[in-house]
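Peer 1: Sequence first, predicted model second:
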Amino acid sequence: MTEVVHTDIADEVLTLTLDSPANRNALGEALVAQLLDGLRAAERDPGIRAVVLTHAGGTFCAGADLSEALARGADVEEASAAGTSAMLDLMRVILEMPKPVIAKVDGHVRAGGFGLLGAADIALVGPRCTFALTEARLGLAPSVISLVLLPKMTARASGRYFLTGETFDPSAAVEIGLVTEAFASADDLDAGLTSVLAGIRRASPQGLAASKMLTTATVLSSFRGLARQRADESAALFGSDEAREGMTAFLSKRSPRWDLGAQKE
């Protein structure tokens, strides 16, 4: 299996680097499996104090990769269900592991990339980041990733960006609670990560685990209670006529029939 998630351990910190830039680090089977393996290995290893989740290429993560399941003959609904299950597994593992997960991102964030970012305990971003929740434009909704986004984004911000699909920048992401801190350069981002890790390395493993439990308790309670419902909602949307039109238009690089903005151009 091709390695699409690289691992590196230094000073009790495991770095997991998503490295599948050809498909914008989409959550294909290999990437999901390797990412889950890395996270679970870190959870078991007493020599690992924290996990850094980062990426190669200009996109952090573009969301689910349905192409593999479709190529095997699965229909869109089956492929989307597999993607939803993978996304839930990834978010659950990040939330439940008793070690902090720090996302270091300097690229585009879309779809399931928001799920990884929202599940992380600390999110540090650089100047090349852009953010857009464009699901509504495809006849869909950010159903599953809302489990980790709604507890962190302000209500006004989710009400805006879930509905409009607008692209927003790092400073807006900080203002609305999506990320912890934004940096003006890649060097500043590296320095910010170094500072965060210095603080974590001074904490005891027990102290980190207990403190993380406090910060994730509310999110996890909601996650466990609503995960099945959100997955069912996502499946229903993917099976709809509007979603088929939206996905067909996207793959064909045309505007869907309801896009009034495109009609006026």
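Peer 2: Structure's in. What do you need?

Peer 1: Straight-line length of stretch 166-186, end to end?
Peer 2: Stretch 166-186 has its terminal residues 25 Å apart, counting by C-alpha to C-alpha, to the nearest Å.

Peer 1: burial measure for residue 254, as a count.
Peer 2: Around residue 254 there are 11 other residues, counting by other C-beta atoms under 10 Å. (C-beta placed from N, C-alpha, C; glycine too.)

Peer 1: Got phi/psi on it?
Peer 2: phi -130, psi 170 (degrees, to the nearest 10).

Peer 1: From residue 248, how far off is it?
Peer 2: Distance, residue 254 to residue 248, by C-beta to C-beta, to the nearest Å: 9 Å.

Peer 1: cool, residue 1 as well?
Peer 2: Distance from residue 1 to residue 248, by C-beta to C-beta: 31 Å.

Peer 1: quick one, which of the two is more surrounded?
Peer 2: Remark: of residue 1 and residue 248, residue 248 carries more neighbours, 13 against 7, as counted by other C-beta under 10 Å.

Peer 1: before we move on, what SS does that one have?
Peer 2: Using DSSP: H, G, I helix; E, B strand; the rest coil, the structure places residue 248 in helix.

Peer 1: give me the number of residues near residue 130?
Peer 2: Residue 130 has 15 neighbours, counted by other C-beta under 10 Å.

Peer 1: Check residue 63 and give its pLDDT.
Peer 2: The model reports residue 63 with a pLDDT of 87.

Peer 1: List the residues that contact it.
Peer 2: 26, 27, 83, 110, 111, 112, 113 (C-beta atoms under 8 Å, 6 or more residues apart in numbering).

Peer 1: and the nearest residue to the fourth one once chain neighbours are set aside, what is it in contact with?
Peer 2: If I follow you right, that is residue 110. Leaving aside its chain neighbours, residue 110 sits nearest to residue 62 (5.0 Å; criterion: C-beta to C-beta, 6 or more residues apart in numbering). By C-beta under 8 Å, 6+ apart, the contact set of residue 62 is 23, 24, 25, 26, 108, 110, 111, 112, 113.
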